[in-house]
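# Next one to model:
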Amino acid sequence: MGKQDHVLIVDDDPEIRQLLSEYLQAANYLPFTAAGGQDMWRILGSEQIDIIILDLMMPGEDGLELCRELRKKRNTPLVMLTARGTLIDRIVGLEVGADDYLPKPFDPRELLARIKVIMRRARSFPERNEADRVAHIRFAGWKLDTQARQAISPEGVTITLGGSDYQVLRTLLDHPKRALSRDFLLNTVYGKEAMPFDRSIDVCISRLRQQLADNPRSPSLIRTVRNTGYMLMADVAYDA
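This is a model prediction of the structure:
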């Protein structure tokens, strides 16, 4: 039996916590449960968590703010659960750094499938090619730390990237000055086929543009290619 991935379930509903805990344990995961943000931070401070399942709507808690705070401190993969499930809720969840979302009610089998895809993607990126064996990637005055998954500006400002943001940027860096379709990016980053009105990649690109906008030398670093997708407009160099 291989290493068990540690899953942190953050939800105020004790029945959902118990259901997911039992289901994931039966699937060879090691679950931890938290009823809110205080318990979540306590567990994160004492355990090595591989993926977080976070409820968006908890009484007295702001799931979006928790997600924002998480992304400032770590890049642990995160799936957001939302009872509303509207398009705007999903977009906002992705904008603040969630790797995926799942509207309630949901089938635990679908959550398990998404966890597997996210964890497989997280593990595949660090070893996918020779470029990942280097410590830093330089582009347009920026430096990407491939181990910490942080972007460092020419002024030395460090930005911790969420899982999806890092992987979108890495994919663009792997194909500099080449137009990449949304379908290609969606399949590479999320491991899924494009669906109508799926804005996951657009949200990541928008967030990356905001994060990289501090450098006046690269205002159009990521260019939109009409009827195709996106292109990174920079030369790329690798540091050992």
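# what about the protein, any weak spots by pLDDT?
1-2, 84-96, 123-134, 191-198, 214-219, 240 (pLDDT under 70).
# which element follows the helix or strand Ile53 falls within toward the C-terminus?
Element membership of Ile53 [criterion: DSSP states H and E] is strand 51-55. Next along the chain after strand 51-55, taking DSSP H and E as the criterion, comes strand 57-58.
# quick check: domain ranges of this structure?
For the chain, the structural domains run 5-123, 130-239, going by the TED database.
# can you list the ones you listed in a markdown table and add mean neighbour count?
Where you see a C-beta, it was placed from the backbone N, CA and C, and this is true even at glycine. What follows is the domains of the chain, written out as a markdown table (neighbours: other CB atoms under 10 Å):
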| stretch | mean neighbour count |
| --- | --- |
| domain 5-123 | 17 |
| domain 130-239 | 17 |
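# if we can go back for a sec, elements contacting the strand holding Ile53?
Counting contacts by 3 or more CB pairs under 8 Å, 6 or more residues apart in numbering; DSSP states H and E, strand 51-55 is packed against strand 6-10, helix 63-73, strand 78-82, helix 108-124.
# what sits up against that strand?
The contact list for strand 51-55 (CB atoms under 8 Å, 6 or more residues apart in numbering) reads 5-13, 16, 20, 40, 63, 66-67, 70, 76-82, 98, 111, 115, 118-119.
# now the helices for the protein?
14-26, 37-46, 63-73, 87-95, 108-124, 163-174, 182-190, 200-211 (DSSP state H).
# looking at those, which is closest to Ala140?
helix 163-174 (10.6 Å; CB to CB).
# what separates the closest one from the chain centre, distance-wise?
Remark: helix 163-174 is offset 10 Å from the chain centroid, using CA atoms, centre = their mean, to the nearest Å.
# what do you get for stretch 174-181?
Worked out by CA atoms, centre = their mean, stretch 174-181 lies 20 Å from the chain centre.
# what does stretch 20-31 give?
The answer for stretch 20-31 is 22 Å, by CA atoms, centre = their mean.
# Give me the distance between the two termini of that stretch.
8 Å (CA to CA, to the nearest Å).
# Just want the most central residue of the chain.
Nearest residue to the geometric centre of the chain (CA atoms, centre = their mean): Gly163, 2.9 Å.
# I figured Ala34 hits Asp13, correct?
No. Here Ala34 does not reach Asp13: they are 11.9 Å apart, not a contact under CB atoms under 8 Å.
# hmm, back to that, tell me the strands beside the strand holding Ile53, with direction?
strand 6-10 (parallel), strand 78-82 (parallel) (DSSP bridges).
# Give me the angle between the first one and helix 108-124.
Inter-element angle recorded for strand 6-10 and helix 108-124: 130 degrees (by axes from the mean of the first three to the mean of the last three CA atoms, to 10 degrees).
# where's strand 6-10 relative to the chain centroid, distance-wise?
16 Å.
# Output that strand as CSV, restricted to C-alpha atoms.
In CSV, the C-alpha atoms belonging to strand 6-10 read as follows (Å, rounded to 0.1, in the frame of the first residue of the first chain):
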residue,chain,number,x,y,z
HIS,A,6,-3.7,13.6,3.8
VAL,A,7,-7.1,15.3,3.1
LEU,A,8,-8.4,18.1,5.3
ILE,A,9,-12.2,18.5,5.2
VAL,A,10,-13.4,21.9,6.3
